[in-house]
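A.B. asks: Got a predicted model here, sequence first, then my questions.
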Amino acid sequence: MAQYPNDDGRQRLIPEHYTPGYARYVLLASSPHSFGHLLRALLRFLELQASGRLNIRVQTVPTLEERIQSLAQELQDMILDYTLLIEPTTVNITDRYQPPWQLSVNRRTRPLVAEHYYSTSTFSDMTRLHDLQQWLDRIPAEYVQMIENVEFGVRNMHDAKKWLKIYTRSLEQHWGIVLAPGVLRAWFKKHKRSGSPSEWVYVSWKDAAALDDREMRAESFYAHSRPWEGREVTL
């Protein structure tokens, strides 16, 4: 082993071999006192080396949203269609109604999911129109504008005409829906006097509200906001 004496006669710590990140040091001492001194110097040196070279790396695991956003747009759209978009269906509006969980995933996907959900679903209240009205008042105004299909039922024509008057007055005031030919129509089950099978017929809101209860025994009554393509039936 090579010797590395100092000019002043003291021993010191000298690197014998060095490679990137590692070093081999040789302790040269001629007495126990000098050896202890060199040992303390070595410890201080190693502490300095450790503190100078210690790099703490905190590796964060990317979230699911970050992973999806890193994909190509085509794959993102496929994932959105498969996992978040809700199939068109009839949604029963009751006092226990809860919005689908897909609307609460994150702020980025909420507008896309909401537009698809409210524009393709049919929202139905066949028991209590009060639930439907409360639900429409409760959801955000921008979601109300997306709704295309709403249906509700009443037990008789007297109730139907009462609700017709209420809804025709409030549709434009509260929800911005303007009544016009082909925009909003009613359909109900008509019982023919001749005894022939009953049939479903379409009439305008105005004609339905003017019907005589004695002439029309309606079992069901619905309101649809989706335009009906066809000839208006006058009774």
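C.D. replies: Looks like it arrived, so ask away.
A.B. asks: contacting residues around P62?
C.D. replies: Applying C-beta atoms under 8 Å, 6 or more residues apart in numbering, we find P62 in contact with S70. Where C-beta positions appear, they are placed from N, C-alpha and C, glycine not excepted.
A.B. asks: Are we agreed that S124 is in a strand?
C.D. replies: Yes: assessed by DSSP: H, G, I helix; E, B strand; the rest coil, S124 belongs to a strand.
A.B. asks: That one pairs with what?
C.D. replies: N92, E151 (DSSP bridges).
A.B. asks: show me what contacts it?
C.D. replies: Here S124 is in contact with 90-93, 150-152 (C-beta under 8 Å, 6+ apart).
A.B. asks: got JSON lines for those residues, with neighbour count too?
C.D. replies: Converted to JSON lines, the contacts of S124 look like this (neighbours: other C-beta atoms under 10 Å):
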{"residue": "T90", "neighbour count": "10"}
{"residue": "V91", "neighbour count": "19"}
{"residue": "N92", "neighbour count": "14"}
{"residue": "I93", "neighbour count": "22"}
{"residue": "V150", "neighbour count": "23"}
{"residue": "E151", "neighbour count": "20"}
{"residue": "F152", "neighbour count": "22"}
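A.B. asks: Would you reformat the residues you listed as CSV and include pLDDT and distance to M78?
C.D. replies: Below are the contacts of S124 laid out as CSV (pLDDT from 0 to 100; distance: C-beta to C-beta, whole Å):
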residue, pLDDT, distance to M78
T90, 88, 27
V91, 89, 25
N92, 88, 30
I93, 87, 31
V150, 79, 31
E151, 78, 32
F152, 73, 36
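A.B. asks: thinking D131 is in contact with D95, fair?
C.D. replies: Yes: in this structure, D131 is within contact of D95 by C-beta atoms under 8 Å, at 5.6 Å.
A.B. asks: Find residues that contact each of those two.
C.D. replies: Joint contacts of D131 and D95 (C-beta under 8 Å, 6+ apart) do not exist.
A.B. asks: how's this structure carved up into domains?
C.D. replies: Domain ranges of the chain: 1-60, 72-224, per automatic domain parsing.
A.B. asks: residue contacts, V61?
C.D. replies: With the criterion set at C-beta under 8 Å, 6+ apart, V61 makes contact with nothing.
A.B. asks: of the contacts of S124, closest to R107?
C.D. replies: Set against R107, the nearest of those by C-beta to C-beta is V91 (22.9 Å).
A.B. asks: In this structure the closest one contacts F123, no?
C.D. replies: Yes: with contact defined as C-beta under 8 Å, V91 reaches F123; the gap is 5.1 Å.
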